[in-house]
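J.: would you be able to build a 3D model of this:
(3 chains)
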Amino acid sequence: MEKSIKKYFPIFVLPTMIAFTIGFIAPFILGIYLSFCKFTTVIDAKFVGLSNYVKAFQDPTFLHAAWYTAAFTVASVLLINVLAFVVAKLLTKGFAGTNIFRTVFFMPNLIGGLILGYIWQLLLNGVLAYFGKTLTYTSAYGFWGLIILMLWQQVGYMMIIYIAGIQNIPGDLVEAAAIDGASKWQVLRYITIPMIMPSITICTFLTLTNGFKLFDQNLALTNGAPSKMSEMLALNIYYTFYGRTGYEGVGQAKAVIFFILVAIIAMVQNRLTRSKEVQQ
Amino acid sequence: MKAKKITALALAVLMAGSVFAGCGSKTEPGTESGAASGKTASTGKVYYLNFKPEQAEQWVELAKTYTDETGVQVDVQTAASGTYESTLKSEMAKDEAPTLFQVNGPVGLASWKDYCYDLSDSAVYKDIASDDYVLKEGDAVKGIAYVIETYGIIYNKALLNDYFALDDAVITSIDELNNFEALKDVAEDIQARKDELGVEGAFTSAGMDSSSDWRFKTHLANLPIYYEYLADGISSTDAIKGTYLDNYKAIWDLYINNATCEPSMLSSKTGEDAASEFALGEAVFYQNGTWAYNDIKDMEVADEDMGMLPIYIGGEDEENEGLCTGSENYWCVNSKASEEDIQATLDFLQWVVESDAGRDMLANEMGFVTPFTTFDEYLPSNPLVAANDEYTKAGKTAVSWNFTTMPSENWKNGVGSALLEYAQGTGDWDDVVTAFVDGWATEYQAANE
Amino acid sequence: MEKKKTKHGPLLTVIFTLISLAYVYPIVLVVINSFKKKQYISKYPFKLPSEKMFVGLENYVRGIQQTNLIQAFGVSLFITVFSVLAMILCCSMCAWYICRVKTKVTSLIYTLCLFAMVVPFQMEMYTLSKIANMLHLGNPVGIVIIYLGFGAGLSVFMFTGFMKSIPLEIEEAAMIDGCTPLQTFFQIVLPICKPTCVTVAILQAMWVWNDYLLPSLVLDARRWKTVPMAVQYLKGGYGSVDMGAMMGTLVLSIVPIIIFYLACQKYIIEGVVAGAVKG
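T.: Numbers count the residues shown, from 1 in each chain, chains lettered A, B, ... in the order given. Next up, the predicted model:
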């Protein structure tokens, strides 16, 4: 069978591969190459070695953005997952209206990040006005504003995944534990959490990458103000490319660093949580 | 069974075929646009990268009128506030580059002069009133200004007269309001008695959102630069001294401490906010220019109640200071465009400044005062423009637009951030001075490497 | 379990009803503000429109005019539908080939697809926009190819994940009956993969529809704007932000999505769960 399929390579694989080359492979390789060049348009690229990387690491806004992004990611991963899990646990208790609540909580996911940003900008600035402050007063306001926005958007999504995980736990397992005299806490600690480890893995992965790569919401909510202090990595890279001419190479170098960071985090996280999963 | 199989096969082939059709279409747009440019090669087309967001819609409308009349395709794109240089750069790199673009003055021309077509034989140049309004390189005409603008402190005459009528008002007539001390006294007194006057503040919010911060980091910053150039007898410099920065601080303090909102709110206040505050009669003073008329008209402030004062910062002989008048909008035609496209662009420009539709749009809809001789019957009904005429008639010296000599966008951003931090109380005035003086030297160097 | 339901049920229902109301409030707030005159919006965001502030549908009209929103909907719909169709068709075929033909090339392709899922868009954005411009892909048809390419990683990964579990015997039997690989794929494999198709369609559609950065860099903005591009244009394209038009545009861009969601929420939620379990 394999042989007869093999001849069909042009039909089965080629369309995807052509698009994949244009949309992914070529830009990726060119991107790596250009990070070592000084250029304004792709054609006039001159090889300059590591100087773009040196400039990237010397840029205080980039380093600040890196810390800001890391702090944001940690805070958002923890808060989103804890809240999502609590809500999921409550919504699986089976009381009137759970389906409606689930529908409501999931809804913000379908709205684009840019639009969410503008909605929350109106709301949060309106609230802060009572205290004589705004979202862009200092970077801390933008930080927590962004956290609230992300909670609103993502808790519903992660909740859905947790609900699926909780519903997969065999009921008799919990009952047997209860008969054996396990407390509610013990059930949670020794049965529920180990059993939903796959859900935890995927939710941490999703919130981690979403937090790290956040762009649209950042752009719409504060746009990096004040003085680039609420700028996350993705936005910082964007403005290095498009905000200032002559810095395209530095922008590309920052992008490569960003890619390496994302790749490391994804791999480490995957190792860590996969090893804790229960074999089913 | 067999029939079913054949149908399925046919379907499969069809689908596979459509996959290739889909992939084939990858090249299609290319050939299509090639064909399109081939077809219209005889007429050429126009692509205008517009700098002024306030008039974005009107340009699109005007372009459509032209296309309907002549069949020539005119595309207009407007760069977002503060991003013109980078948009221009990326658009110029594309193969369908703008045929018509703008530079803001000598500094802008320096980076784009290789792309500027010599306009000395063009019809638009023949229509220009004086060579003061063009950018030249030797004998070549590289850029032509199409709008002359004026800014100052827009004020609400009715509210100011209410104030003058109050008991023990510090001054009682607009004629006495001709120096910084008077402006400061009046503004502070209005602020103190705002409830009595029924306003929320003397000045509108000095918003530092990107839609508004240019009013201060660029336009207000022009005044200390103007007085320094005047004192030193120069018209540009590679290192600013900052002689008048104390005056800059004084006027900035006045703006932020006597306004409709707390200084801590400034970071999110937009241009729209300030315009609304003025238009609703909540503030007396509003620093902006003739172009702001579209945003404040037809609200609660009648046209005859709108006036404009010079921005007094306490410079020498400021009783004779006029409004700030100049242009930072020069048309340039892309010399690297095809001959047909250049011709089409020149024809379009001629139509804009000579046809009834073009002149009506520029003067009446966009509210422009233009430097063209063809506009004698098309003067905008803009009360803010009229205010400028009064100062000119009274023999006041107009303040020139020296911000066109500022070294870069980055310099402006640095000053803007420092101004905001100072206003909020999260930074010192020293940071503004550093950004202004040291920033100028570093950015000038970086730009002229 | 039954006892718990009666014990805390009503209380939880009340609490969650309150939370749900708070949850939809931001959207309601935008709807309320969309009927206010633009000068009042950022000043009094929480006030209901009084007679002085009320402007009827004026903000909507202005929003549609300034952003050309109707066309933007068309562009977004076109790009989303065709990108998703292309991803389902091309990537499922590619995935099946990878599953059934074990060569160095196919395992390389599979590794590249895994790799692509990790790479952030910022890494590609500049070079991708240049390549797209050189190949004249800056139009709604061209961008479909880019979306197919950039989305191929996840799609191929999800399809292969599912196809590995399909027993080989079914396909072998079909081939022995004289089916060509194409017939086998479209008659046997694709129908079995229907649930994965739904999942891929939902995940990718959510991405493509809401994506701002890719189309804003690739599309020729003079001719085509997607809905997020139209919204952003309102923010930056004019000197001052017209809050009225902004509110109108926001409401108009949310409403169709919410209607679509309420109509197909069962599939959407199932799709998300299935995608998560396999991912």
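J.: my guess is C:Leu69 meets C:Arg62, correct?
T.: No: if you go by CB atoms under 8 Å, C:Leu69 and C:Arg62 don't touch, sitting 10.5 Å apart. Just so you know, the C-beta spots here come from the backbone N, C-alpha and C atoms, and that holds for glycine as well.
J.: more neighbours, those two?
T.: Neighbour tally, C:Leu69 and C:Arg62, criterion other CB atoms under 10 Å in any protein chain shown: the higher count belongs to C:Leu69, 22 against 19.
J.: and that one, what does it touch?
T.: For C:Leu69, the contacting residues are C:63, C:227, C:230, C:249, C:252-253, by CB atoms under 8 Å, 6 or more residues apart in numbering or on different chains.
J.: for A:Phe47, same thing?
T.: Taking CB under 8 Å, 6+ apart, one finds A:36-37 in contact with A:Phe47.
J.: which residues of the stretch 301-449 of chain B score low on pLDDT?
T.: Counting by pLDDT under 70, the stretch 301-449 of chain B has low-confidence residues at B:449.
J.: which stretches in it count as helices?
T.: For the stretch 301-449 of chain B, applying DSSP state H, counting those that start in this stretch gives helices covering B:339-354, B:356-360, B:383-393, B:409-424, B:429-447.
J.: mind checking the SS state of B:Val284?
T.: strand (DSSP: H, G, I helix; E, B strand; the rest coil).
J.: interface residues of the stretch 101-250 of chain A facing chain B?
T.: A:125, A:129, A:132-138, A:223, A:225-228, A:242-245 (CB under 8 Å from any CB of the partner chain).
J.: count of neighbours near residue 213?
T.: Since no chain was named, I'll use chain A. 17.
J.: right idea, wrong chain: chain C
T.: For C:Leu213, using other CB under 10 Å, the count is 21.
J.: go on, C:Lys36?
T.: Counted with other CB under 10 Å, C:Lys36 comes out at 25.
J.: next: B:Gly143.
T.: The burial count for B:Gly143: 28, using other CB under 10 Å.
J.: could you pull up the residues touching the closest residue to C:Lys164 other than its chain neighbours?
T.: With CB to CB, 6 or more residues apart in numbering or on different chains as the criterion, C:Lys164 has its nearest non-adjacent residue at 6.1 Å, and that residue is C:Cys99. By CB under 8 Å, 6+ apart, the residues touching C:Cys99 are C:160, C:163-164.
J.: TSV for the residues you listed, including secondary structure and pLDDT?
T.: Shown next, in TSV, are the contacts of C:Cys99 (DSSP: H, G, I helix; E, B strand; the rest coil; pLDDT from 0 to 100):
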residue	secondary structure	pLDDT
C:Thr160	helix	93
C:Met163	helix	91
C:Lys164	coil	88
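J.: can I have the buried ones of the residues you listed as a ChimeraX selection?
T.: Here is the ChimeraX command that picks out the buried ones among these, judged by 16 or more other CB atoms under 10 Å in any protein chain shown:
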select /C:160,163
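J.: which single one of the contacts of C:Cys99 is nearest to chain B?
T.: Closest approach between the contacts of C:Cys99 and chain B, by CB to the nearest CB: C:Met163, at 17.6 Å.
J.: leaving out sequence neighbours, find the closest residue to that closest one.
T.: That would be C:Cys99: by CB to CB, 6+ apart, it lies 4.6 Å from C:Met163.
J.: let's see which of the residues of the stretch 101-250 of chain A next to chain B end up in helices.
T.: A:125, A:129, A:242 (DSSP state H).
J.: out of those residues, give me the one that has the most neighbours.
T.: A:Asn125 (22 neighbours).
J.: the helix or strand hosting A:Phe62 vs chain B: in contact?
T.: Assigned by DSSP states H and E, A:Phe62 falls within helix A:60-91. No: figure legend: helix A:60-91 not in contact with chain B (CB under 8 Å from any CB); closest approach 11.0 Å.
J.: from the chain's centre, how far out does that helix sit?
T.: With CA atoms, centre = their mean, to the nearest Å as the basis, helix A:60-91 stands 9 Å off its chain's centre.
J.: what about that helix and chain C, any contact?
T.: Yes: judged by CB under 8 Å from any CB, helix A:60-91 and chain C are in contact via A:90-91.
J.: by contact count, what packs against that helix?
T.: Counting contacts by 3 or more CB pairs under 8 Å, 6 or more residues apart in numbering or on different chains; DSSP states H and E, helix A:60-91 is packed against helix A:98-106, helix A:139-167, helix A:197-212, helix A:233-242, helix C:2-33.
J.: just put those in JSON lines and tack on mean pLDDT and distance to B:Glu409.
T.: Shown next, in JSON lines, are those (pLDDT from 0 to 100; distance: least, CB to CB, whole Å):
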{"stretch": "helix A:98-106", "mean pLDDT": "93", "distance to B:Glu409": "43"}
{"stretch": "helix A:139-167", "mean pLDDT": "95", "distance to B:Glu409": "22"}
{"stretch": "helix A:197-212", "mean pLDDT": "90", "distance to B:Glu409": "29"}
{"stretch": "helix A:233-242", "mean pLDDT": "92", "distance to B:Glu409": "12"}
{"stretch": "helix C:2-33", "mean pLDDT": "84", "distance to B:Glu409": "33"}
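J.: is it true that A:Ser250 touches A:Lys55?
T.: One thing to correct before we go on: residue A:250 is Val, not Ser. Yes: between A:Val250 and A:Lys55 there is a contact at 4.8 Å, judged by CB under 8 Å.
J.: looking at those two now, which is surrounded by more residues?
T.: Taking neighbours as other CB under 10 Å, A:Val250 and A:Lys55 compare with A:Val250 leading, 24 against 17.
J.: same question for the helix or strand where that one lies, mean pLDDT?
T.: A:Val250 is part of helix A:248-276, with elements assigned from DSSP H and E. Per-residue pLDDT values over helix A:248-276 give a mean of 88.
J.: now do stretch C:60-74
T.: 91.
J.: could you tell me the end-to-end distance of it?
T.: Its first and final residues considered, stretch C:60-74 spans 18 Å by CA to CA, to the nearest Å.
J.: which parts of it are buried?
T.: In stretch C:60-74, counting by 16+ other CB under 10 Å, buried: C:60, C:62-64, C:66-69, C:72-73.
J.: and which of those is nearest C:Met93?
T.: C:Phe73 (30.5 Å; CB to CB).
J.: now do the contacts for the closest one.
T.: So C:Phe73 contacts C:227, C:256 (CB under 8 Å, 6+ apart).
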